[in-house]
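Engineer: Give me the fold of what follows.
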Amino acid sequence: MPSESFRYEAVRQSVVDLIESGALGPGDKAPSLRNLAARMRVSLSTASLAYGQLESEGVLEARPKSGFFVRAARAGLPPPSAPDCEAKTPEPLNRAMIIHKVLADMSRQDMVPLGVARTAESLLPLAQLNRILAQVLRDEGEKVGFYGSVQGHEPLRRQIVLRALEAGIECALPETLITSGAMEALYIALRCVVRTGDTVAIASPTYYCFLQLLENLGLRVIEIPSRPGEGVRPADLAQVVDRFRVSACVLTPNFNNPDGTLIPDGAKAEIVSLLARHDIPLIEDDVYGDIHFGPERPKCSKAFDRKGLVLTCASFSKTLAPGYRVGWLLPGRFMDKALEVKATTSVCTATPTQMAIAEYLGAGHYHRHLKRLRPAAKALMLSMHDLVGRHFPPGTRASKPGGGTVMWVELPGRGDGVEFMQRALAKGITAAPGAIFSSQGCFRHFVRLSSCVPQGPELTHAVQTLGAIAQDLLVKGHEDRIPDPWADDPIAMPEVSPKDS
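Structural biologist: Below you'll find the model as predicted:
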């Protein structure tokens, strides 16, 4: 039987669908509670709870003795401003302790988790996967307790070869390597193509764990602006390649974390061709490619690779089970080196979870799961975007991505994202400040919020609270902000020199 929370969300979404389809317009009367409850076979209290939530979100308004009516539509939030960072030598940036705090709060159950790029647990097939895992443990006996192949469980690799076709990638079984999540795939890929002191081109903004990894490997970083609606432009990358000695490029072409930008397929092909002419490897992170909201999955950059210079990293952490830690790498011409690095780091990825996911994919469950996950994630994103628009002060800007699980919010009045995070934590809400998504600290008035969070009174109250914090920062301005407790912990990226220096 469906859970009560599922029924409640189904009723809420049915009304939202009527509005988005145009069947209900501003000022129209919504179906009566009794009629809707009878049609959807739910209790009157469940329908009433859903309507109450829609009223708190500003979608409906209650009129005494008349019922519920659709509120007048509000103008959508404008997209964030284009990055103002230039490709220059990175400056000292205070972010190590902030990142540590964001990661430390990732699994806390007493917080509203808006600071983590996660998929709502209710949308993941965890119970089904766990049953398959239990069956694997029973059937395979002692085999699951021994070392597996360095390259990974072969049935899983076969499934990944098949999955890659949807992203436009044609690869063979020997060209796949299973990793412990996408972060290990990225680490191995970097170790394959760069050495300490090399320069790497990245998007700006970019995922903060990428920056930490690049710092730990002693690499120099050049930032390329990720522009609203198009991501990294080939022309911008060409200028960086012409000016600096770039050893590799790291991008998330499909729904970049944190701004959600999607590089068009034509631009991907141009980027791959540009880098190939200079013999520069491209490492692409594709963890969000399967969570697209459009009719077709966007292609990976590797679909346009003809020289084996594109190394594609991905995982099932956003679509199936983050705790299973199963990812993969398609390393192109660098497979021998990738196997060497894998063997000398984690030796092999955990066998039981590889087997369970292989069984899940082989039975066709993943395809059916994605058909449910994508529209659900899209609905949550649209709802989150609307909540921010209703409860944040005028002047707020936010991304409206076509996939993924995060939203990039620009605070009005250049409000400080670090202070925003601190005040949110004091209210039991996590948020990721924009400064940690750049080596230059270019996004101090931005925050990243998770968009794939179940709707309900708790989320509405959390967004209302965040909106009040943003309003307070806007009113108070800069003069009496609380001190940054991490100001004495600078971390600087190494200096980058132009080609002609």
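Engineer: pLDDT weak spots in the stretch 51-200 of the chain?
Structural biologist: Along the stretch 51-200 of the chain, segments meeting pLDDT under 70 span 72-75, 85-98, 100-108.
Engineer: how about 80 then?
Structural biologist: For the stretch 51-200 of the chain, the stretches flagged by pLDDT under 80 are 56-58, 65, 71-76, 84-109, 141-143.
Engineer: Now the element after the lowest-mean-pLDDT helix or strand in the chain, going C-ward?
Structural biologist: Using mean pLDDT, DSSP states H and E, the weakest-scoring helix or strand in the chain turns out to be helix 96-104, at a mean of 67. The helix or strand immediately downstream of helix 96-104 is strand 112-113, counting by DSSP states H and E.
Engineer: For that next one, which helices and strands make contact with it?
Structural biologist: Strand 112-113 is packed against strand 429-430, helix 457-476, with contacts defined by 3 or more CB pairs under 8 Å, 6 or more residues apart in numbering; DSSP states H and E. Using the backbone N, CA and C atoms, a C-beta is placed for each residue, glycine as well.
Engineer: Dump the longest one to CSV, keeping only the CA atoms.
Structural biologist: Spelled out, that is helix 457-476. Coordinates of each C-alpha in helix 457-476 appear next as CSV, following Å, rounded to 0.1, in the frame of the first residue of the first chain:
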residue,chain,number,x,y,z
PRO,A,457,5.6,22.0,5.9
GLU,A,458,9.2,21.5,7.1
LEU,A,459,10.7,22.6,3.8
THR,A,460,8.3,25.5,3.4
HIS,A,461,9.2,26.7,6.9
ALA,A,462,12.9,26.3,6.1
VAL,A,463,12.8,28.3,2.9
GLN,A,464,10.7,31.0,4.7
THR,A,465,13.5,31.1,7.3
LEU,A,466,16.2,31.4,4.7
GLY,A,467,14.3,34.1,3.0
ALA,A,468,14.1,36.0,6.3
ILE,A,469,17.9,35.6,6.7
ALA,A,470,18.5,36.9,3.2
GLN,A,471,16.2,39.9,3.9
ASP,A,472,18.0,40.7,7.1
LEU,A,473,21.4,40.6,5.3
LEU,A,474,20.0,42.9,2.6
VAL,A,475,18.7,45.4,5.2
LYS,A,476,21.7,45.4,7.4
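Engineer: I'd like to know which elements it is packed against.
Structural biologist: Using 3+ CB pairs under 8 Å, 6+ apart: helix 457-476 touches helix 44-56, strand 112-113, helix 365-391, helix 417-426, strand 429-430.
Engineer: among these, which is nearest residue 202?
Structural biologist: Taking CB to CB, helix 417-426 is the member of the helices and strands packed on helix 457-476 nearest to residue 202, at 19.5 Å.
Engineer: Please determine how far residue 386 is located from residue 465.
Structural biologist: With distances taken as CB to CB, to the nearest Å, residue 386 is found 17 Å from residue 465.
Engineer: Dump the helices and strands packed on strand 112-113 into JSON lines; add distance to residue 208 and mean pLDDT as well.
Structural biologist: Below are the helices and strands packed on strand 112-113 laid out as JSON lines (distance: least, CB to CB, whole Å; pLDDT from 0 to 100):
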{"stretch": "strand 429-430", "distance to residue 208": "14", "mean pLDDT": "94"}
{"stretch": "helix 457-476", "distance to residue 208": "20", "mean pLDDT": "92"}
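Engineer: Need the winner for burial among the ones you listed.
Structural biologist: strand 429-430 (a mean of 23; mean count of other CB atoms under 10 Å).
Engineer: after that one, next one along is what?
Structural biologist: strand 432-433.
Engineer: Off-centre distance for that next one?
Structural biologist: The chain centre lies 13 Å from the centre of strand 432-433; the measure is CA atoms, centre = their mean, to the nearest Å.
Engineer: And that strand, what does it pack against?
Structural biologist: Using 3+ CB pairs under 8 Å, 6+ apart as the test, strand 432-433 ends up in contact with helix 417-426, strand 446-450.
Engineer: Centre of the chain to the last one, how far?
Structural biologist: Meaning strand 446-450. Distance, stretch centre to chain centre, for strand 446-450: 11 Å (CA atoms, centre = their mean).
Engineer: and that strand, what other elements does it pack with?
Structural biologist: Against strand 446-450 (3+ CB pairs under 8 Å, 6+ apart) you get helix 365-391, strand 406-410, helix 417-426, strand 432-433.
Engineer: quick one: strands adjacent to the shortest one?
Structural biologist: This points to strand 432-433. strand 446-450 (antiparallel) (DSSP bridges).
Engineer: List of residues touching the strand it pairs with?
Structural biologist: For strand 446-450, contacts defined as CB atoms under 8 Å, 6 or more residues apart in numbering pick out 80, 113-118, 205, 257-258, 384, 388, 405-411, 417, 420-421, 431-434, 437, 466.
Engineer: tilt between it and strand 406-410?
Structural biologist: 150 degrees (axes from the mean of the first three to the mean of the last three CA atoms, to 10 degrees).
Engineer: so strand 446-450 versus helix 457-476, what angle?
Structural biologist: 180 degrees.
Engineer: Show me the domain layout of the protein.
Structural biologist: Taking automatic domain parsing as the reference, the chain has its domains at 4-70, 96-122+371-476, 124-366.
Engineer: Which one, of those, ends up nearest to residue 76?
Structural biologist: Of all the domains of the chain, domain 96-122+371-476 comes closest under CB to CB, at 6.4 Å.
Engineer: Quick check: which of the helices and strands packed on strand 446-450 is nearest to residue 333?
Structural biologist: Closest among the helices and strands packed on strand 446-450, using CB to CB: helix 365-391, at 28.7 Å.
Engineer: any idea of the mean pLDDT for the helix or strand just after that closest one?
Structural biologist: Moving toward the C-terminus from helix 365-391, the next helix or strand (DSSP H and E) is strand 397-398. Strand 397-398 shows a mean pLDDT of 96.
Engineer: partners of strand 397-398, with directions?
Structural biologist: Sheet pairing for strand 397-398, assigned by DSSP bridges, gives strand 406-410 (antiparallel).
Engineer: and the angle from the partner strand to helix 365-391?
Structural biologist: Going by the same axes, to 10 degrees, strand 406-410 makes 20 degrees with helix 365-391.
Engineer: What's the mean pLDDT across strand 406-410?
Structural biologist: Here the average pLDDT along strand 406-410 is 97.
Engineer: Equivalent analysis for stretch 257-271, please.
Structural biologist: 97.
Engineer: what's the answer for stretch 214-230, then?
Structural biologist: In this model, stretch 214-230 carries a mean pLDDT of 93.
Engineer: from the chain's centre, how far out does that stretch sit?
Structural biologist: 17 Å.
Engineer: and it, how far apart are its ends?
Structural biologist: One end of stretch 214-230 to the other measures 25 Å (CA to CA, to the nearest Å).
Engineer: Same question for stretch 291-309.
Structural biologist: Span of stretch 291-309 from end to end, CA to CA: 25 Å.
Engineer: which of the residues in it are buried?
Structural biologist: 291-293, 297-305, 308-309 (16 or more other CB atoms under 10 Å).
Engineer: If we only consider the residues you listed, which is nearest to residue 23?
Structural biologist: Looking across the buried residues of stretch 291-309 and measuring by CB to CB, the closest to residue 23 is residue 293, at 20.9 Å.
Engineer: Report whether the expected contact of that closest one with residue 376 is present.
Structural biologist: No. Contact between residue 293 and residue 376 fails when scored by CB atoms under 8 Å: they sit 10.4 Å apart.
Engineer: Export only the CA atoms of the strand ranked longest in the chain, formatted as CSV.
Structural biologist: Counting by DSSP state E, the longest strand found in the chain is strand 220-227. Only the C-alpha atoms of strand 220-227 are listed here, as CSV (Å, rounded to 0.1, in the frame of the first residue of the first chain):
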residue,chain,number,x,y,z
ARG,A,220,47.6,25.0,-10.5
VAL,A,221,44.1,26.1,-11.5
ILE,A,222,42.8,28.4,-14.1
GLU,A,223,39.1,29.2,-13.9
ILE,A,224,36.8,29.6,-17.0
PRO,A,225,33.4,31.2,-16.5
SER,A,226,30.4,28.9,-16.5
ARG,A,227,27.8,31.2,-18.1
